[in-house]
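A.B. asks: predicted model, plus sequence, below.
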Amino acid sequence: MTERDVVIRLLLGLIVVVFAFAVIRALAPARTVLAGAALAAGAVALVALNPAALANVEFWAGLVGFAAILSALMIVIHPNPMVSVLFLIVNLFCVALFYLILNAQFLAAIQIIIYAGAIMVLFLFVVMLLNLKAEEGLTARGGGPQRIGAVILGGLFAGLLFDAIRDRGPQPYFEPGSFASGFGTARELGGLLFTRYLFAFEAASLLLIAAMIGAVILAKRRLR
Amino acid sequence: MRAEFFLLVAALLFTIGCVGVLVRRNAIVILMCIELMLNAVNLTFAAFAHESQSMTGHVFVFFVMTVAAAEAAVGLAIIIALFRRRRTTDIDDASLLRW
């Protein structure tokens, strides 16, 4: 088992744990045990049905893709912002796993450190600080037609994107082992960042400073 | 794996985020949906970088993450300022600049 396999397994475990926690948080306490049992039964049934699939990267990617889309839907559907934050963390872990499958190890690491570590803690902090209660459902409050229109337009937009992807024609396909050994490592990315994209890198530091000062000034009680 | 799978997942995630921005009223959830859309675009960048064996896409993902961090910090500060004034994070109540 290589380091990559270890990390992938760790991430899968994290996804399951956070997902279960988010589901538990989303449901009423009485249904908590039921949800946990259903999750465990589903996992056991999957392994029992097709043990060979466990070694197949397509199987895992499909499973993680399913989890990613399910959690994205839960973010939008669930009225409680706290649950939305938890499901967004699940989604970010899923994308980090996709990065690992795509040979982008460094991106997977900073996805977890920056997104799941820093940005989501900020979101959680604000949701808890403001003590936000659940929205009054997703039932319309004057905006009914807008919501239905948004869903229909979203479906059309997805169709447009799918059509664009479908018509790409045959593309080259690379086995995971055929990559240059440096592809996706911090060393290669750093080499690019500090040579070809040096100006953009410095501009990004300026942007971060501006955002930091802006955030402090905006959140201050009164400017003095 | 083929890049198409990742492109399809990213397209779906982007669409869900887009619909979320239009459907939800809570400003924090809208910010989260924007993060979701940025993530979908990042996934597309990584898939194309994988397909073309070039790391330029990874550099772009790096910069998108930087901008997302800055955007989240400023956006949440605005939401806190809004909540302090109006005691709500409902964007329907923040209509001063609406025509």
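C.D. replies: Everything's here; your move.
A.B. asks: pLDDT-wise, which helix or strand of chain A ranks last?
C.D. replies: Least confident helix or strand, chain A: helix A:32-49 with a mean of 66, by mean pLDDT, DSSP states H and E.
A.B. asks: which strands and helices sit next to the longest helix along chain B?
C.D. replies: Longest helix in chain B, counting residues (DSSP state H): helix B:56-86. Applying 3 or more CB pairs under 8 Å, 6 or more residues apart in numbering or on different chains; DSSP states H and E, we find helix B:56-86 packed against helix A:105-110, helix A:120-130, helix A:186-193, helix A:198-219, helix B:27-52. In this view, the C-beta of every residue, glycine as well, is placed from N, C-alpha and C.
A.B. asks: low-confidence stretches in chain B?
C.D. replies: Flagging of chain B using pLDDT under 70 yields the residue ranges B:1, B:99.
A.B. asks: tell me how far residue B:43 lies from residue A:219.
C.D. replies: The gap separating residue B:43 from residue A:219 is 31 Å, by CB to CB, to the nearest Å.
A.B. asks: check residue B:82 too.
C.D. replies: 11 Å.
A.B. asks: ok, residue 61 - how many residues close by?
C.D. replies: Went with chain A since none was named. 19 (other CB atoms under 10 Å in any protein chain shown).
A.B. asks: wrong chain, I was asking about chain B
C.D. replies: Residues near residue B:61, counting by other CB under 10 Å: 25.
A.B. asks: got the contact list for it?
C.D. replies: A:104, A:107, B:42, B:45, B:46, B:49 (CB atoms under 8 Å, 6 or more residues apart in numbering or on different chains).
A.B. asks: the fourth one reaches residue B:62, doesn't it?
C.D. replies: By that I understand residue B:45. No. Here residue B:45 lies out of contact with residue B:62, judged by CB atoms under 8 Å, at a distance of 9.7 Å.
A.B. asks: how big is the angle separating the helix or strand containing residue A:83 from helix B:27-52?
C.D. replies: Secondary structure assignment for residue A:83, by DSSP states H and E: helix A:81-101. Put simply, helix A:81-101 runs at 10 degrees to helix B:27-52, going by axes from the mean of the first three to the mean of the last three CA atoms, to 10 degrees.
A.B. asks: now helix A:81-101 - C-alpha only, PDB.
C.D. replies: C-alpha atoms of helix A:81-101 as PDB (Å, rounded to 0.1, in the frame of the first residue of the first chain):
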ATOM      1  CA  PRO A  81     -27.400  26.800   7.700                       C
ATOM      2  CA  MET A  82     -25.400  24.700  10.200                       C
ATOM      3  CA  VAL A  83     -26.300  21.500   8.300                       C
ATOM      4  CA  SER A  84     -25.400  23.200   5.000                       C
ATOM      5  CA  VAL A  85     -21.900  24.000   6.400                       C
ATOM      6  CA  LEU A  86     -21.400  20.400   7.400                       C
ATOM      7  CA  PHE A  87     -22.500  19.100   4.000                       C
ATOM      8  CA  LEU A  88     -20.200  21.600   2.300                       C
ATOM      9  CA  ILE A  89     -17.300  20.200   4.300                       C
ATOM     10  CA  VAL A  90     -18.300  16.700   3.000                       C
ATOM     11  CA  ASN A  91     -18.300  18.100  -0.500                       C
ATOM     12  CA  LEU A  92     -14.900  19.700  -0.200                       C
ATOM     13  CA  PHE A  93     -13.400  16.300   1.000                       C
ATOM     14  CA  CYS A  94     -15.000  14.600  -2.000                       C
ATOM     15  CA  VAL A  95     -13.300  17.200  -4.300                       C
ATOM     16  CA  ALA A  96     -10.000  16.600  -2.500                       C
ATOM     17  CA  LEU A  97     -10.300  12.900  -3.300                       C
ATOM     18  CA  PHE A  98     -10.900  13.700  -6.900                       C
ATOM     19  CA  TYR A  99      -7.700  15.800  -6.900                       C
ATOM     20  CA  LEU A 100      -5.800  12.800  -5.600                       C
ATOM     21  CA  ILE A 101      -7.300  10.600  -8.400                       C
END
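A.B. asks: quick one: that helix near chain B?
C.D. replies: Yes. For helix A:81-101, a contact with chain B is found by CB under 8 Å from any CB of the partner chain, at A:81, A:84, A:85, A:88, A:91, A:92, A:95, A:98, A:99, A:101.
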